Structures are given as C-alpha cells and as structure tokens.
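K.L.:
got a sequence here, can you model it:
(2 chains)
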Amino acid sequence: MSKKTPMIYVKNVHVSFPLHLDQTRSFRRAIARVAGLGSKTGRQYKAALSSISFKAHKGERIALLGSNGSGKTTLLRTLSGVYQASEGTVVRRGSVATMINNTMGMDFYSSGLENIFLRGMRLGFTRSDMEKHVEDIVEFTELGDDIFRPVRTYSSGMLARLSFGIATSFTADIYLMDEWIGAGDSRFFTRAQERIDRLFSENSILILASHSDALLRNWCTKGIVLDGGSISLIADIESCIARKNEIMKAPRVKAQPG
Amino acid sequence: MEKRSKNFDRIAQKKVYFAKPSKDNMMALLDVLNALDNMKLYTRRAWNEIKLKYSRSVLGPLWEVATTVAFVFGFALLGSIIFNENRTQYVAYLTAGIIYWQFFVVNLNEASNAFIANTSEINTQSVSYFGIIVNILLRNIMIMAHNLPLLIGVAYFTGNFGWNTLLFIPGMLTLVLVFLPINLLVAMITARYRDTKYAISMIMQFLFYFTPIFWPADRITTYPERLLIELNPFYHLLEVVRAPSLGKAPDLENYLVSLGIFVTFTILSSLAFVRFRKRLVYWL
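P.N.:
Residues are numbered from 1 along each chain as shown, chains lettered A, B, ... in the order given. Coordinates of the predicted model:
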C-alpha cells in the first residue's frame, strides 16, 4: 500500500468550456479570420465550475449533489484529470479508479468476458493482470452464462453490473463515481455497497455524484452541494440533502447567455 | 486482491497528480513519456483492435491482400503496355508502390480520426494523447503488414531479393519517426477543424496521380519537370521503403528529405501539443 496517505486538494478552481466551437469548427471561418474578415470576438465561454475549493482526506466518502448541469460530472472529470482547470490548482495523491462512463472501451459485439479484458486494457492492465480478477468480477456480476454473450444483448442493469464489477476489481485509493450506477436494481445496490465496503479501507476516498438521496445516505458521510458551478454548501450529508432539495424547489432560472 | 502483478504496482506508483495552468510543458512531456512507458500495452491494444475489426468477417485479413491483388492485376497488364515496361518488374513496382501508398492514405485518415474516435475514453479518464497516436500508428503498420507475404512473394519471383532488401528496416523506422509527429498534428487539427478530414482525403487523391506509383519515376528525367517528383514529400517517404522492396538502395536525398520532414513536424507538433493539449478535450 502507499506510504503517503491519499488526499485531494482543490484550490480556487475554474473550468470553462468554449461555446463557439460548433459555429467556428470549419475552415471557412478560420480562413476568414486569417484573412482579417472575422474576429476573435465570436468566442464565448461558459463557466462550468467557478471558485471551487475543498479538501478530501483519507477515509472520507463525499457525495456530490446538485441539479442537472450544476457541475457534478465536470468536477469529477476535473479531479480525474480529464479537464484541466483554466485557473487554480488540483493536487491529488493516490491511485484512482474512475467510474464516469460505464461503456468506455467496450466493444458491443464482443462477449462480456472479452470486455473485461478490453476495459482492463484501457485502464492500463494487460491480459495476465486481468486474469487474476476475472473470477471475482464474473461472480459479482451474477451474469452466469450471459457473460459469454455479446454485450449488445445486455440490459442497462447488466451493463452497470459488469462495469461496476470491473472498476472495483482492483483496489484504488480514490474512487470517482458518477450517477450511472443508478441503472441497477436494489439487489445490485446492496451488493455494490458490500463490495465498496470491502474495498474501502480507512485510507480510501470516495466521491460519488448521484440524484438518489437513499443511495447517498447509505454510502456517504459528507456532501458538497453544487449550484450553477459553484459550491453552495459543504457539510454533513443530511444538511446537504436538505439544501439540495431547497435548490430543486426554487424556480429554475433561465441561464443568461455568456 | 493480494496477488498484484508488477504492472499493477508500476501503475499504482504513479500516484501524484498535480495540475496548474502554468505547467503545460510538464503535462505535455509527461504525456509523451507515459506513452513510451506503456509501449507494450499499446501494441497489444492495436493487435486486439485488428482482431475486433475482423470479428464477424469470414475472410478477414485476406480482404486487405485481395484488394491489393485486385488493383495490381487490374492495372499491371495495361500499365506495362502503356509505359512500355518489363511486365514482371512493373508488377513488382506497382505492388510495392500501392501497398505503401495505401498505408499512407489509411494512416492519415485514421490519424485525423484519432482523438474523435476515442472521445469516450478521453472524456472519462486522464489519457496519454500521444499514446493514442502511438496506438493508431502501430495498428496501421500491422494492417500494412498483412501484405508482407505478397510483397515477399513478388520480390522472390522477380528475383529482387538482395542485400539492399535489408534497407527496408531503416526505411520502416524512418516512416515511424516521420508519421508520429505528423499524425499528432493532424489529429489535433482535425479535432478542432473537422473539415481537415475531407481536405486530407482530397489531397491524397490528388497526390495519388502526382506520385510515381503506377507510373515509373524514371520516366521524367529533365528539369524543371522532374521537380514535380522531387518536391513531393510523399515520393521520398515512398522511396525509403519501396526501393529496398525492389532490391535497390534509396538515394541519400530520400533520407535527407525524410529527416527534414521529421524535424519540421516534430517542432510544429510539439509547439501545438504544449499549447493546446489541455484544450483538446473540449474540442471533442
């Protein structure tokens, strides 16, 4: 195990997405601009995250709450290194297991079993690395003989079980999970929680984004409520759920352009 | 969970992630180092992707060879008459030319799609962008290698085997070095400007007629007409592998131009990569 304890330190992070791409993603505009016919004024950015600061220490299970588009997934992606902040610092210590997209690296024409290896490859593990985990994964998924069928024949719950099984087959220090695990049934949740409890040591950090209050209550001890890309509250899970529900009740304001 | 392999430990050790806007150089360098460190994995991944590609096809890889053979046989008779060439030598020339040209075309098309095709992975975890480029080049070389038996067969029957054939190896290495930076740049530009993909297809179609593939290069000897050949970078890239396949040595000039292309594109793509690496994900 690691000598240094895992932690996440996020300070004053801003992430903004360019909005002008879909208009200017063409030669015509680019050429026009070079020729001096267009200008850079057409560039627009949307602030997806602004002034985010928090710390996560070992042993913490943090829920990310907020309405659609409040920045939960963006924050997860920033933590995993997909997005780099345009301002601010992200420091992360510890190995990471990311569960943001459950079909990443999968080939839908290949069997579930083959996909365990395919996904493993995307995670940086060779066939022989994964062979040690196959049994454990197959057992967790409870897919039985379906594991030999092509993934395109799977239901979304089966897919969720497979993905979750793979992602949690090796121990990591930091788990980043997005709400797709909501595709499973209650049996899946119970088993998933058992599995997380088994994997989760006093040294790990879990960050889970979800809309399910029940799931968050069961899995998390602390919460971060996001509203329009900024942090609205960092507190214990109950206060966070209450705050989120308040935000949900408020009338949705149409975002101002720019 | 106790039985971890060496690879597991190696990955687990890369534990510290530190991102700040001012560290673009560092991030780009780490990206490249990370890719070189995982060479074995990208080779396996490329191999696997080829297997998947043929998964539901009966003839699979034979189609690659059949396409080449169809073109060569379709054109060989006619070409040898039009250009008044020795038929066997013309077949060898055409076979080698078309196989490598096909590699250039497929490679550039795939490169332009490199990041776009891997969007889901790029959006999910922190990836080595250079690793994706390495993966795609390896895959395209493997696909080209399907034709190797054909190439060897033709060289054998035409009696073109010789010491010069060994120069194929440095030739291939030259292509790898040249196409890594080219592919990276092409992949980045296409991610941002989607028209590039179509422009590349068009340019390659145009250059197919301008590059000596189905017409013999030694037909044009006088200047300035000869410049049509000499100024075409693809002619030089083609020669470093085609000449050895025909039992000849490439000219020094071919290697020098290739080196020039390598240096130019390494500089261009490094600059672009450092500057735009972190924006790439938003372009997808």
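K.L.:
need the three-state assignment for the closest residue to B:Lys20 other than its chain neighbours.
P.N.:
Leaving aside its sequence neighbours, B:Lys20 sits nearest to A:Thr89 (C-beta to C-beta, 6 or more residues apart in numbering or on different chains; 5.0 Å). Any C-beta I mention is one placed from the backbone N, CA and C, and that applies to glycine too. Counting by DSSP: H, G, I helix; E, B strand; the rest coil, the backbone at A:Thr89 sits in strand.
K.L.:
before we move on, what about A:Gly105?
P.N.:
coil.
K.L.:
run a quick neighbour tally on it.
P.N.:
By the criterion of other C-beta atoms under 10 Å in any protein chain shown, A:Gly105 has 20 neighbours.
K.L.:
A:Asn12 is in contact with the residue nearest to B:Lys20, correct?
P.N.:
Yes - using C-beta atoms under 8 Å, A:Thr89 is in contact with A:Asn12, at 7.3 Å.
K.L.:
between these two, point out the one with more neighbours.
P.N.:
Neighbour totals were compared for A:Thr89 and A:Asn12, and A:Thr89 leads with 17 against 12 (other C-beta under 10 Å).
K.L.:
report the beta-bridge partners for that one.
P.N.:
When bridges are called by DSSP bridges, A:Thr89 pairs up with A:Lys11.
K.L.:
ok, the residue nearest to B:Lys20 - contacts?
P.N.:
If a contact means C-beta atoms under 8 Å, 6 or more residues apart in numbering or on different chains, then A:Thr89 has A:Tyr9, A:Val10, A:Lys11, A:Asn12, A:Val13, B:Phe18, B:Ala19, B:Lys20 as its contacts.
K.L.:
now do the same contact list for the residue of chain B found nearest chain A.
P.N.:
The minimum distance from chain B to chain A, using C-beta to the nearest C-beta, falls at B:Ser126 (2.9 Å). Taking C-beta under 8 Å, 6+ apart as the criterion, B:Ser126 is in contact with A:Ser80, A:Gly81, A:Val82, B:Tyr17.
K.L.:
how about residue 179, nearest residue that isn't a chain neighbour?
P.N.:
Answering for chain A, as no chain was given. Closest to A:Glu179 by C-beta to C-beta, 6+ apart is A:Ser210, at 4.6 Å.
K.L.:
my question was about chain B, not that one.
P.N.:
B:Leu137 (5.7 Å).
K.L.:
how about the CA coordinates for the one helix or strand that neighbour maps to, as CSV?
P.N.:
In this assignment (DSSP states H and E), B:Leu137 forms part of helix B:129-145. Output of helix B:129-145 as CSV, limited to C-alpha atoms (Å, rounded to 0.1, in the frame of the first residue of the first chain):
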residue,chain,number,x,y,z
TYR,B,129,-2.9,11.6,-26.1
PHE,B,130,0.4,10.7,-27.6
GLY,B,131,-0.3,7.1,-26.6
ILE,B,132,-3.5,7.2,-28.8
ILE,B,133,-1.3,8.3,-31.6
VAL,B,134,1.2,5.5,-31.0
ASN,B,135,-1.6,3.0,-30.8
ILE,B,136,-3.0,4.1,-34.2
LEU,B,137,0.3,4.1,-36.0
LEU,B,138,1.1,0.6,-34.7
ARG,B,139,-2.3,-0.6,-35.8
ASN,B,140,-1.8,0.8,-39.3
ILE,B,141,1.6,-0.7,-39.6
MET,B,142,0.1,-4.1,-38.6
ILE,B,143,-2.6,-3.7,-41.2
MET,B,144,0.0,-2.9,-43.8
ALA,B,145,2.0,-5.9,-42.7
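K.L.:
and for that helix, what's in contact with it?
P.N.:
So helix B:129-145 is in contact with B:31-32, B:34-35, B:38-39, B:42-43, B:45-47, B:49-50, B:64, B:99-100, B:102-103, B:106-107, B:110-111, B:114-115, B:118, B:122, B:172, B:176, B:179-180, B:183-184, B:187, B:273, B:277, B:280, going by C-beta under 8 Å, 6+ apart.
K.L.:
distance from the helix or strand hosting B:Phe206 to the middle of the chain?
P.N.:
Using DSSP H and E, B:Phe206 sits in helix B:195-210. Put simply, helix B:195-210 sits 15 Å off its chain's centre (C-alpha atoms, centre = their mean, to the nearest Å).
K.L.:
B:Arg279 - how many residues pack around it?
P.N.:
15.
K.L.:
okay, it: pLDDT?
P.N.:
For B:Arg279, the pLDDT comes out at 87.
K.L.:
and stretch A:226-242, does that touch chain B?
P.N.:
No - using C-beta under 8 Å from any C-beta of the partner chain, we find that stretch A:226-242 stays clear of chain B, coming within 15.4 Å at best.
K.L.:
what comes up buried for that stretch?
P.N.:
A:Leu226, A:Asp227, A:Gly228, A:Gly229, A:Ile231, A:Ser232, A:Leu233, A:Ile237, A:Cys240, A:Ile241 (16 or more other C-beta atoms under 10 Å in any protein chain shown).
K.L.:
if we ignore the residues flanking it in sequence, what's nearest A:Leu21?
P.N.:
B:Trp283 (6.4 Å).
K.L.:
for the one you found, what are its contacts?
P.N.:
Contacts of B:Trp283 by C-beta under 8 Å, 6+ apart are A:Leu21, A:Arg25, B:Phe115, B:Ala191, B:Arg192.
K.L.:
got the CA positions of stretch A:81-98 in PDB?
P.N.:
Extracted in PDB, the C-alpha atoms of stretch A:81-98 (Å, rounded to 0.1, in the frame of the first residue of the first chain):
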ATOM      1  CA  GLY A  81      -7.500  14.800 -14.900                       C
ATOM      2  CA  VAL A  82      -9.800  14.800 -17.900                       C
ATOM      3  CA  TYR A  83     -10.300  18.600 -17.700                       C
ATOM      4  CA  GLN A  84      -7.500  20.800 -16.700                       C
ATOM      5  CA  ALA A  85      -8.600  23.900 -14.700                       C
ATOM      6  CA  SER A  86      -8.200  27.200 -16.500                       C
ATOM      7  CA  GLU A  87      -7.300  28.700 -13.200                       C
ATOM      8  CA  GLY A  88      -6.400  27.200  -9.800                       C
ATOM      9  CA  THR A  89      -4.700  24.100  -8.600                       C
ATOM     10  CA  VAL A  90      -5.700  20.500  -8.300                       C
ATOM     11  CA  VAL A  91      -3.500  18.100  -6.300                       C
ATOM     12  CA  ARG A  92      -4.300  14.500  -6.000                       C
ATOM     13  CA  ARG A  93      -2.300  11.900  -4.200                       C
ATOM     14  CA  GLY A  94      -3.200   8.200  -4.600                       C
ATOM     15  CA  SER A  95      -4.200   5.800  -7.300                       C
ATOM     16  CA  VAL A  96      -7.600   6.500  -8.900                       C
ATOM     17  CA  ALA A  97     -10.500   4.300 -10.200                       C
ATOM     18  CA  THR A  98     -12.800   6.400 -12.300                       C
END
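K.L.:
for the residue of the stretch 101-250 of chain A found nearest chain B, helix, strand, or coil?
P.N.:
Nearest residue of the stretch 101-250 of chain A to chain B: A:Asn101, at 4.2 Å (C-beta to the nearest C-beta). Going by three-state DSSP, the secondary structure assigned to A:Asn101 is coil.
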